[in-house]
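In: Dropping a prediction and its sequence here:
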Amino acid sequence: MANTSENTPVGAQSITPTIDDDTTNHTSSQEVSTEPSAEDITVFVETAQKLEKELDSIVVGQERVIRELLLALLAGGHVLLEGVPGLGKTLLVRTLSDTLALKFARIQFTPDLMPADIVGTTIVTEQVDETIPSGSKRVFSFQPGPIFANIVLADEVNRATPKTQSALLEGMQEHTVSVGDATRPLPKPFFVLATQNPLEMEGTYPLPEAQLDRFLLKILVNFPHAKDLLRIIDTTVGTQSLRASQVANGEQLAHMIETARAVPVATHIKEYAVRLLLATHPDNEEAPDKVRNFVRYGASPRGLQAMILTAKVRALLEGRFNVSQEDVQAVAFPALRHRIILNFDGLADGVTPEDLIKSIVEEME
């Protein structure tokens, strides 16, 4: 089940970041380093603040969730939202699509959903051909699925079978879809925002580690406080219907992502992030006792990429042009919690990934 909608683009003048001549060698290739200009950073911060304000006005009591969602969005990554029903997960994603002039599609995952319902399928159509007596002929044509959108809401993603869940893998990593003998690119920018309910486990299929790893962040949606519940009543059960205003378009968003990627990261911050990641592995010498006792597998290199990318965005949102150790610590929880696999003892003792990440951060200070 899927439905799509497209907002009207908002015109904006693109701003080209300045290019620095310095080069850095990270692996085996030389990469040109860019420095965001003061104008780039000003536009980035102002637009991000407008986005955050619009989301806060509609989704009440989820300030942390909104901030973490923006971190992933401006880093160009996908998000997994987990929380009990009724906390506004779907509303948050829909509101985000309203603030951006991007094509939006919603897919309701069910046990009978098939991969073709997501990526599309080849169908037989009639094509006019005046060169033949019948005047038309039957041809095969590709009917795109709802994944061909800028923002894809995968609602209750864990209700579909692993076969159907795997239809998202190629799109999330390579931003392409292969159907038959053709590989088609997805529109840019492309984001998958998935939701899942941790309570109802009957009729659900846990996401495999390979798919979890493709989500840049896993965001936990907590229950709102009493004062927020009062605001929810005031804004939802009256006659007034609230709707977020458009803030940016796809071109602006793409430029903001490039601006965030250009934020410099000092060598000692990179080394700190590497040590933090390695400490999630039980066979590492710097791993805390909790990790050695309760972890089966630690986080993958994608976890390191997630921490650095979102730390860059956080630094800009905090008004700084460089990444600090505090930025890495703040984003470590949503970036690593779904990448740490507990062993039997950890599951039996009720240990959570948050407990382990907290122990790692405290021991590394």
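Out: Perfect, thanks for sending it. Residues are numbered from 1 along each chain as shown.

In: so what's Val124 bridging to?
Out: Phe140 (DSSP bridges).

In: For it, give me its contacts.
Out: Arg138, Val139, Phe140, Ser141 (C-beta atoms under 8 Å, 6 or more residues apart in numbering). Any C-beta I mention is one placed from the backbone N, CA and C, and that applies to glycine too.

In: Just send those back as CSV, with neighbour count too.
Out: Output for the contacts of Val124, formatted as CSV (neighbours: other C-beta atoms under 10 Å):
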residue, neighbour count
Arg138, 10
Val139, 11
Phe140, 9
Ser141, 9
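
In: Specify which member of those is nearest to Glu354.
Out: Ser141 (48.9 Å; C-beta to C-beta).

In: Make sure the closest one is actually in contact with Ile123.
Out: Yes - at 6.2 Å, Ser141 counts as touching Ile123 under the criterion of C-beta atoms under 8 Å.

In: distance of the most centrally placed residue in the chain from Asp155?
Out: Within the chain, one residue has its C-alpha closest to the average C-alpha position: by C-alpha atoms, centre = their mean, that is His78, at 2.1 Å. Using C-beta to C-beta, to the nearest Å, one gets 14 Å for the distance from His78 to Asp155.

In: Now do the same for the closest residue in space to Ile341 that isn't next to it in sequence: its pLDDT.
Out: The shortest distance from Ile341 to any non-neighbouring residue, by C-beta to C-beta, 6 or more residues apart in numbering, is to Tyr297 (4.3 Å). Tyr297 carries a pLDDT value of 92.

In: Show the contacting residues for Tyr297.
Out: Contacts of Tyr297 (C-beta under 8 Å, 6+ apart): His281, Ile340, Ile341.

In: Reduced to three states, what does the residue of the chain most remote from its centre come out as?
Out: Here the centre of the chain is the reference, and by C-alpha atoms, centre = their mean the most remote residue is Pro133, at 53.1 Å. Here Pro133 is coil, with the state taken from DSSP: H, G, I helix; E, B strand; the rest coil.

In: residues contacting it?
Out: Applying C-beta under 8 Å, 6+ apart, no residues contact Pro133.

In: Return the per-residue confidence for it.
Out: For Pro133, the predicted pLDDT is 75.

In: Check Glu200 too.
Out: Reported pLDDT for Glu200: 66.

In: Shouldn't Leu153 be within a strand?
Out: Yes - under three-state DSSP, Leu153 sits within a strand.

In: Show me the shaky parts of this structure.
Out: Across the chain, the ranges flagged by pLDDT under 70 are 1-34, 36, 200-203, 238-240.

In: Show me how far the helix ranked longest in it is from its chain's centre.
Out: Counting residues, the longest helix found in the chain (DSSP state H) is helix 38-58. In terms of C-alpha atoms, centre = their mean, to the nearest Å, the centre of helix 38-58 is set 18 Å apart from its chain centre.

In: that older thread, what separation do you get for the residue nearest to Ile341 and Ala210?
Out: Tyr297 is 12 Å from Ala210, by C-beta to C-beta.

In: just Ile107 next, same as before
Out: From Ile107 to Ala210 the distance is 19 Å (C-beta to C-beta).

In: more neighbours, these two?
Out: Neighbour count, other C-beta atoms under 10 Å: between Ile107 and Ala210, Ile107 has more, with 28 against 12.

In: related to what we said a few turns ago, give me phi/psi at the residue nearest to Ile341?
Out: Main-chain dihedrals, Tyr297, degrees, to the nearest 10: phi -130, psi 140.

In: before we move on, back to that, would TSV of the contacts of Tyr297 with secondary structure, neighbour count and distance to Leu96 be doable?
Out: Listed next are the contacts of Tyr297 as TSV, based on DSSP: H, G, I helix; E, B strand; the rest coil; neighbours: other C-beta atoms under 10 Å; distance: C-beta to C-beta, whole Å:
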residue	secondary structure	neighbour count	distance to Leu96
His281	coil	17	34
Ile340	coil	23	27
Ile341	strand	16	30
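
In: Name the nearest of these relative to Ile118.
Out: Proximity of the contacts of Tyr297 to Ile118 (C-beta to C-beta) peaks at Ile341, which lies at 26.5 Å.

In: circling back: out of the contacts of Tyr297, flag the one nearest to His255.
Out: Of these, the one sitting nearest to His255 (C-beta to C-beta) turns out to be Ile340, at 33.9 Å.

In: Can you tell me, leaving aside adjacent residues, what's nearest to that closest one?
Out: Pro353 (4.5 Å).

In: cool, and Pro208?
Out: Pro162 (6.4 Å).

In: burial count for the one you found?
Out: Look at Pro162: counted by other C-beta under 10 Å, it has 11 neighbours.

In: Repeat that for the one 10 residues further on.
Out: Neighbouring residues of Met172 were enumerated by other C-beta under 10 Å; the total is 22.

In: try Asp129
Out: For Asp129, the neighbour count with other C-beta under 10 Å is 12.

In: give the contact list for it.
Out: Neighbours of Asp129 in contact, by C-beta under 8 Å, 6+ apart: Gly135, Ser136, Lys137.

In: Now with 10 Å, please.
Out: Residues in contact with Asp129 (C-beta atoms under 10 Å, 6 or more residues apart in numbering) are Gly135, Ser136, Lys137, Arg138, Val139.

In: Just after the helix or strand encompassing Leu96, pick out the following helix or strand.
Out: Here Leu96, judged by DSSP states H and E, is contained in helix 89-99. Downstream of helix 89-99, the next assigned helix or strand under DSSP H and E is strand 100-101.

In: How about stretch 116-125, which residues are buried there?
Out: Asp117, Ile118, Val119, Gly120 (16 or more other C-beta atoms under 10 Å).
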